[in-house]
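S.K.: Curious how this folds, go ahead:
(one chain, ligands or ions: 1)
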Amino acid sequence: MKNLKIILSSFKEMQRLEKRMIPSSVLVAVVSAIMPFINIWFTSKIVDLLDTGAESSTLIVYILIAVGLNLILFFINNFLGDMNYMFRSIMYNRENQNIASKLYSIEYQKLEDSEFKELLHNHSEAQKRVYSAFTQFSWMLRDFLSGLITFSISIIILFPLFKIGFTASGPSFFERPIFLITLFLMIVIMVAVILAVNLKMNKAQFVAGAEYSRLDKLFYFFLNVFQDYNTAKEIRLYKEQELIEHVAVDKIVNNGEKILRRVSLNSARSSSMIAVLGAIAGFGVYLFIGVKGFYGLYGIGSLVLSCGAFMQIISGIMKMAATFGRTAELIPLAEYYFKIINTKDEMQYGEKTFSTDKFEVEFKNVSFKYPGSENYALKNINIKINNGEHLAVVGKNGSGKTTFIKLLCRFYDVNEGEIKINGINIKDYSKDSINKLYSVVFQDFKLFSIPVCQNLSTQEDYQEAKLFDALDKVGLLNRIMKMPDREKTYIYKDLDKSGIEISGGEAQRLAIARAHYKDAPIVILDEPTASLDPVAEKEIYDRFNQFVENKTAIYISHRLSSCVFCDRIAVFENARLVESGYHQELLSNKDSKYFELWDVQAQYYKT
Ligand code: ADP
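M.R.: Prediction:
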């Protein structure tokens, strides 16, 4: 029942994604199913005409009509097939686009949520196996309908055969109804067996496919590892080739071969079984048709028609059977798709906007645990950040610094306490107002393979003066102006092969420039100098006040030397804010956590 619902929803979604998809599949199915019967019917008619000595002009008319119809249907079939293919591609693109736009617009906390992460993982795994549920459903619809129409037309053509020449006490077995009943039962059994074999074969193929795709994934993982020059150094230095060949390549190739062999053996066995069954049933029906012909119950033309129609019955059944087995592997993928698409944001936003350019942020008794986590990432945090203040947040890895920023940006809501901006709970402001409040450079910032200017403006167009100013502030203006297309130069080569590769440090400066361009009132820099060389780092420190101008700034770092120029330092440890004060003030207390951290780092850095 649930599966049926998913199939129905899938067809609705296919209709929504590309409304020409289903009608064109139905049309292709009808035309491709009708085509063979045109030939069968005309052949039988021409044989009949020859048999009855009809005039050659009549014969020619029939032949011409047959050829003409074939030509027209051939064109229609090809044209529709191409259109069908195009609609399918459009539908597939829109399906992916739907997933993509869900992913870039859904609230942040979902992307870190383990359940949602697993859903995305399952979806992409299933997609690797079966490509796209809706695309496959559209093939299935076409094949199933075509099979059904073929089967139905064949039955209609064969039907008159069952009515002629039967007597309860006929002279031979072949003329008694029992012959027809036996034959009919045989066909029913054959259909059932073919369906069962097909289903079993598809299931086995599905299991083997999943097994093989696991190996395939492993293989590509290793391939990526081997292409990475960082690993390549170690492989060569430690002479790891033999080990790799033994533990990875051999295993993957041998196991993969075993699976493939099993799959092809399995399918060869099933296909031969189906072929034998088809041959037996074919023999029975030919016997039936032949005997009737032998007793002179109908003409040779009808004989041709019946034989042709019978062959089509088999092909119709095979087509329908082939589609049934596939649903089992498609339903999970469709289900994952619907789950992703229907995931809703949970955070509620207020309507309030900011009517001032002064901002005061306050954490009041704030505690927070990540969903599903036992431990507090932040515990009972109380801090007020005044307008224009430059605050450094320091602490060891895992002490809660980034979480502090995530809460501030409202990527998550606090579990206890509240965050206030200008005295009002952060939840009362609109999403847009909160967004406009911050310029953030995350430690794991991302730039896109698009022109420099668009990376900074995050729009298609940009304000030149503002852009140059931002680039100048990070010391990149000269470098960018010397690039082939100046600020319009693509960075990285993914989208444009003339794109420029930039170093990690340059990328980080661009990320800072982007934050600058946004010109938000509160600037947050999360380990902004992590991938910079010491000279560039010093330059950033020296320019710090220029970066943040008169804005409120939060500076996260585990490098304490960067705190010297901040107004205040907040020290985090084990999810708690343990100290807060000025550099000299904290340092003067030899028992302070800050002093301890400073002391340790002083041994490594000349500060
Ligand atoms: P810091 O920025 O100081 O290195 P974080 O704020 O990133 O520390 O992490 C604080 C704690 O929260 C750590 O124990 C970390 O393992 C945990 N944590 C961080 N992100 C997540 C997450 N998405 N899900 C669960 N726990 C997390």
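
S.K.: Output the set of residues of the protein in proximity to the ligand.
M.R.: Residues of the chain found near the ligand (CB under 6 Å from any ligand atom) are 112, 370, 373, 377, 395, 397-403. Backbone N, C-alpha and C define where each C-beta goes, glycine included.

S.K.: Need the max-distance pair from the residues you listed.
M.R.: 112 and 395 (20.5 Å; CB to CB).

S.K.: Just want to know which of these two has more residues nearby.
M.R.: Neighbours per residue (other CB atoms under 10 Å) separate residue 112 from residue 395, with residue 395 holding more: 25 against 13.

S.K.: mind checking pLDDT for that one?
M.R.: We have a pLDDT of 88 for residue 395.

S.K.: got the contact list for it?
M.R.: Contacts for residue 395 (CB atoms under 8 Å, 6 or more residues apart in numbering) come out as 401, 558, 571-573, 597.

S.K.: I'd like to know which of these are buried.
M.R.: 401, 558, 571-573, 597 (16 or more other CB atoms under 10 Å).

S.K.: got those as TSV, with distance to residue 246 columns?
M.R.: Below are those laid out as TSV (distance: CB to CB, whole Å):
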residue	distance to residue 246
401	44
558	41
571	51
572	47
573	47
597	47
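
S.K.: Return the closest of those with respect to residue 63.
M.R.: Nearest member of the buried ones among the contacts of residue 395 to residue 63, counting by CB to CB, is residue 401, at 85.2 Å.

S.K.: Which residues does stretch 587-604 contact?
M.R.: Here stretch 587-604 makes contact (CB under 8 Å, 6+ apart) with 394-396, 559-561, 569, 571, 573, 578-579, 581, 586, 607.

S.K.: I'd like the C-alpha coordinates of it written as CSV, please.
M.R.: Listed next in CSV are the C-alpha coordinates belonging to stretch 587-604 (Å, rounded to 0.1, in the frame of the first residue of the first chain):
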residue,chain,number,x,y,z
LEU,A,587,47.8,38.2,32.0
SER,A,588,48.6,39.9,35.3
ASN,A,589,46.7,37.1,37.1
LYS,A,590,49.2,34.2,37.1
ASP,A,591,46.4,31.7,38.0
SER,A,592,44.2,32.7,35.1
LYS,A,593,43.4,30.3,32.3
TYR,A,594,44.6,33.0,29.9
PHE,A,595,47.9,33.2,31.5
GLU,A,596,48.3,29.4,31.2
LEU,A,597,47.4,29.4,27.5
TRP,A,598,49.7,32.4,26.9
ASP,A,599,52.5,30.8,28.7
VAL,A,600,52.3,27.6,26.7
GLN,A,601,52.1,29.5,23.4
ALA,A,602,54.9,31.9,24.3
GLN,A,603,57.2,28.9,24.2
TYR,A,604,56.4,28.4,20.6
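
S.K.: coming back round to it: take the residues of the chain next to the ligand and keep only those in helices.
M.R.: 112, 401-403 (DSSP state H).

S.K.: out of these, who's nearest residue 511?
M.R.: residue 402 (15.6 Å).

S.K.: Without its sequence neighbours, what residue ends up closest to the closest one?
M.R.: residue 526 (6.4 Å; CB to CB, 6 or more residues apart in numbering).

S.K.: List the beta-bridge partners for that neighbour.
M.R.: Taking DSSP bridges as the rule, residue 526 bridges to residue 556.

S.K.: State the number of residues packed around it.
M.R.: 19.

S.K.: give the contact list for it.
M.R.: Taking CB under 8 Å, 6+ apart as the test, what residue 526 contacts is 401-402, 405, 440-443, 556.

S.K.: Is it possible to get a markdown table of those residues that adds pLDDT?
M.R.: Output for those, formatted as a markdown table (pLDDT from 0 to 100):
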| residue | pLDDT |
| --- | --- |
| 401 | 92 |
| 402 | 91 |
| 405 | 94 |
| 440 | 91 |
| 441 | 88 |
| 442 | 86 |
| 443 | 81 |
| 556 | 89 |
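
S.K.: Name only those of the residues you listed that count as buried.
M.R.: Buried by 16+ other CB under 10 Å: 401-402, 405, 440-443, 556, out of the contacts of residue 526.

S.K.: Those residues: which two are farthest apart?
M.R.: 401 and 441 (13.9 Å).

S.K.: which element is the closest residue to residue 58 other than its chain neighbours on?
M.R.: Nearest in space to residue 58, with sequence neighbours left out and distances taken as CB to CB, 6+ apart, is residue 49 at 6.2 Å. Element membership of residue 49, judged by DSSP states H and E, is helix 21-51.

S.K.: what angle do the helix or strand that comes right after that helix and helix 21-51 make?
M.R.: Moving toward the C-terminus from helix 21-51, the next helix or strand (DSSP H and E) is helix 56-105. Angle between the axes of helix 56-105 and helix 21-51 is 170 degrees (criterion: axes from the mean of the first three to the mean of the last three CA atoms, to 10 degrees).

S.K.: so how far is helix 56-105 from its chain's centroid?
M.R.: In terms of CA atoms, centre = their mean, to the nearest Å, the centre of helix 56-105 is found 27 Å from the chain centre.

S.K.: same question, stretch 333-342
M.R.: Between the centre of stretch 333-342 and the centre of its chain there are 10 Å (CA atoms, centre = their mean).

S.K.: and what of stretch 533-544?
M.R.: With CA atoms, centre = their mean as the basis, stretch 533-544 stands 41 Å off its chain's centre.

S.K.: shouldn't residue 471 be in contact with residue 486?
M.R.: No: with contact defined as CB atoms under 8 Å, residue 471 does not count as touching residue 486 (10.3 Å).

S.K.: shared neighbours of these two, which are they?
M.R.: Between them, residue 471 and residue 486 share the contacting residues residue 480, judged by CB under 8 Å, 6+ apart.

S.K.: Could you check which of those two is surrounded by more residues?
M.R.: Between residue 471 and residue 486, residue 471 has the larger neighbour count (other CB under 10 Å), namely 24 against 13.
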